[in-house]
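In: give me a model of this one.
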Amino acid sequence: MNNENSEKLDSPSVKIIKDFGVPAEKVFDAWIDPKWISRWMFGPDVRDEEIIKLEASPKKNGTFSYVVRREGELINHLGTYLEVNRPGRLVFTWGVEGVSEEESTVTIEIVSTENGCRLTLIHQLDPEWSEYTERTKEGWSFMMDKLKDLL
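Out: Numbers count the residues shown, from 1 in each chain. Below you'll find the model as predicted:
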């Protein structure tokens with residue numbers, strides 16, 4: 001177990017901090033509600049793609065599956081919720097079906113502030129995906145900006 005933890009610490013990660021002018025509960029819910037996810041994470045309002053299916057069971061050990069069609073190809077983003085503690089903390093695995101055996105881990109921490117809340121996202125990538133660190137950061141930054149605009 002210690003080896004696993006030290007390997008995770010050596011893996012590349014992305015960190016994004018974003019302030020929102022709304023309560024923490026509202027931001028947290030946007031991460032677990034497929035209707036919200038279709039507005040800021042996936043779909044034609046986010047990028048050139050069609051949503052096929054967005055399903056989530058946001059509870060400990062619950063799973064999600066977000067299937068979209070991009071450039072004629074079906075892509076299934078999937079994962080398992082490791083921690084669901086509304087409104088302050090959400091931890092889940094993140095993977096793409098058929099692309100890699102390894103999943104990464106995303107940790108969302110949301111703290112209330114005087115003017116709303118501050119979200120900190122840490123996406124710990126598998127070392128196999130280290131060349132995608134900057135692209136991952138750009139993707140999450142874009143989506144966080146989209147979410148902020150919507151909220």
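
In: secondary structure class for the one residue sitting closest to the centre of the chain?
Out: Using Cα atoms, centre = their mean, the residue of the chain that lies closest to the mean C-alpha position is V106, 6.0 Å off. Secondary structure, DSSP: H, G, I helix; E, B strand; the rest coil: V106 is strand.

In: export the lengthiest strand in the chain as CSV, just CAs?
Out: Longest strand in the chain, counting residues (DSSP state E): strand 73-85. Extracted in CSV, the C-alpha atoms of strand 73-85 (Å, rounded to 0.1, in the frame of the first residue of the first chain):
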residue,chain,number,x,y,z
GLU,A,73,-16.6,8.1,-32.6
LEU,A,74,-18.4,7.0,-29.3
ILE,A,75,-16.4,8.0,-26.2
ASN,A,76,-17.4,6.8,-22.8
HIS,A,77,-15.9,8.7,-19.9
LEU,A,78,-16.4,6.6,-16.8
GLY,A,79,-15.5,6.5,-13.2
THR,A,80,-16.3,5.6,-9.6
TYR,A,81,-17.2,8.0,-6.8
LEU,A,82,-14.7,7.4,-4.0
GLU,A,83,-15.9,10.1,-1.7
VAL,A,84,-19.1,12.2,-1.9
ASN,A,85,-19.3,14.8,0.9
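
In: so which bits of it are buried?
Out: I75, H77, L78, G79, T80, Y81, V84 (16 or more other Cβ atoms under 10 Å). Backbone N, C-alpha and C define where each C-beta goes, glycine included.
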